[in-house]
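[1] Provided below are the primary sequence and the corresponding predicted coordinates.
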Amino acid sequence: MAFGRSERSEDRFLSARCLPGESLLAFGANYGCSRRAGIFSVGARYIVPLGVIYIAIMPTPDLGLDKTLAALGLSEAAQVVARFADVRARFDAESGAVHDESSWKQFRDAWLGRKSGVLTQITDNWLKPATPELKRAVGQQLNELRAHVESQIEARRLAIESGAEENALTRDRVDLSLPGVIRPVGSHHLIRQVFQEIEDIFFSIGFSVVEGPEIETPYYNFEALNIPEFHPVRDDMDTFYIDLPKGSPTPLLLRTHTSPMQIRTMEKQKPPVRVIVPGKVYRRDNPDATHSFAFHQIEGLAVDTDITFCDFTGTIEYFVKQFFGPSVKTRFRPSYFPFTEPSVEFDVSCPFCGGTGTSNGATCSKCKGAAWIELFGAGMVDPAVYGFVNYDAKKVSGFAFGIGIDRLAMLKYGIGDIQVFFQNDVRFLRQFP
């Protein structure tokens, strides 16, 4: 059926894109092409004003596949060979238009289909009805054509699969020149950073780090540290007690300092002992800018033969200068702690005003004009403490100190409120990566 002067848009579209002698099945009608134009892509989809056209390879009557050789007027072997050459040329032309899996399946079925494939039609219409004189030539040509068709169809399949793999690799390839995905990286909390810095300083001069439980017994928290049950200093170190069932063998409490581990360490280890004990401690303090019911400490202990106050002084001064810098000055003031004798308060020159008491012409807000800032308490271990751990107080001596980590962090980094350490405000934490 020729298009003639059809005004339908799909007719004009088809007639402009097919080869002469081809036929197309579109919208249920078989269209013949009358002139050479562009070639359809097999399996392609074309959108026209009245709908969508799907293109598929259809066996065409110009090869005479639906007729016998006699009806085609072929009576000699040479004519049969020429006709098979035309079929082969048509196959090669259509094979070049197959570029994806969908069109390959349509192409395969059009040529190898059992019911209406080209090879099946040749067998039914050319081979079987052929005269004995032509049957040998038809069979030979058909076998050669079948081998060619099958090999080329398989080759097209491998090429399509290879191309699909290459496309997938190209699509999924990682471009290493592109900037990477930036993911937020966490960091240690400022308190943990100060802990680590102090531990490194003491570790460098021979101290070991030990840790212990935050829930303690009154014996280790108080009594073994020379603080008996009715000692008045317990009022200053009031703490939280655990509500235990009746009949429990001993009361439990949240430790008020990390000093209990000093006792536990000396119970297990004979002199020499050099340890620091970092950890969290608890006291019944009302929260304000400088107080909290939970805070952090590092207790230090050194016990050996012939340890003197001079050893203690050198150790503490080394630590302070390593932590705050070599320009700071130190001093001792007499004080009292039940587990040390003599006891001292250790002060450092104000790192904010340089020990002058003034800053920018005004009184320093950190040291209140005193030029000194109290850091921590310390002293020589009271001989009474050695009696709880079976040390001979006549042969050994030592010193102990307790450092408030939160206070040191506030002084070093200029933080005015201890509460910010526990509020988990990311804006604050990001200032200390």
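    Okay, I see it. Numbers count the residues shown, from 1 in each chain.
[2] what are the ranges of the helices in this protein?
    Here the chain has its helices, by DSSP state H, at 9-15, 69-72, 77-95, 101-112, 118-122, 132-172, 190-203, 218-221, 260-268, 309-324, 383-386, 405-413, 426-429.
[3] let's have the ones you listed in JSON lines, adding distance to Pro184.
    Bear in mind the C-beta positions are built from the backbone N, C-alpha and C, glycine included. Listed next are the helices of the chain as JSON lines, based on distance: least, C-beta to C-beta, whole Å:
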{"stretch": "helix 9-15", "distance to Pro184": "56"}
{"stretch": "helix 69-72", "distance to Pro184": "78"}
{"stretch": "helix 77-95", "distance to Pro184": "55"}
{"stretch": "helix 101-112", "distance to Pro184": "44"}
{"stretch": "helix 118-122", "distance to Pro184": "64"}
{"stretch": "helix 132-172", "distance to Pro184": "27"}
{"stretch": "helix 190-203", "distance to Pro184": "17"}
{"stretch": "helix 218-221", "distance to Pro184": "40"}
{"stretch": "helix 260-268", "distance to Pro184": "36"}
{"stretch": "helix 309-324", "distance to Pro184": "30"}
{"stretch": "helix 383-386", "distance to Pro184": "48"}
{"stretch": "helix 405-413", "distance to Pro184": "22"}
{"stretch": "helix 426-429", "distance to Pro184": "10"}
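[4] can you add mean pLDDT and give these back as CSV?
    Listed next are the helices of the chain as CSV, based on pLDDT from 0 to 100:
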stretch, mean pLDDT
helix 9-15, 47
helix 69-72, 83
helix 77-95, 87
helix 101-112, 85
helix 118-122, 87
helix 132-172, 82
helix 190-203, 92
helix 218-221, 90
helix 260-268, 92
helix 309-324, 90
helix 383-386, 90
helix 405-413, 87
helix 426-429, 86
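[5] what's the closest of those helices to Ala393?
    With C-beta to C-beta, the closest approach to Ala393 among the helices of the chain belongs to helix 383-386: 3.8 Å.
[6] just the buried residues of the closest one, please?
    For helix 383-386, the neighbour count (16 or more other C-beta atoms under 10 Å) marks 385-386 as buried.
[7] okay, domains of the protein per the record?
    For the chain, automatic domain parsing gives the domain ranges 9-170, 190-429.
[8] next one: stretch 187-198 to chain centre, how far?
    Remark: stretch 187-198 is offset 24 Å from the chain centroid, using C-alpha atoms, centre = their mean, to the nearest Å.
[9] now the domains of the chain as TSV including distance to Arg183?
    Formatted as TSV, these follow (distance: least, C-beta to C-beta, whole Å):
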stretch	distance to Arg183
domain 9-170	26
domain 190-429	16
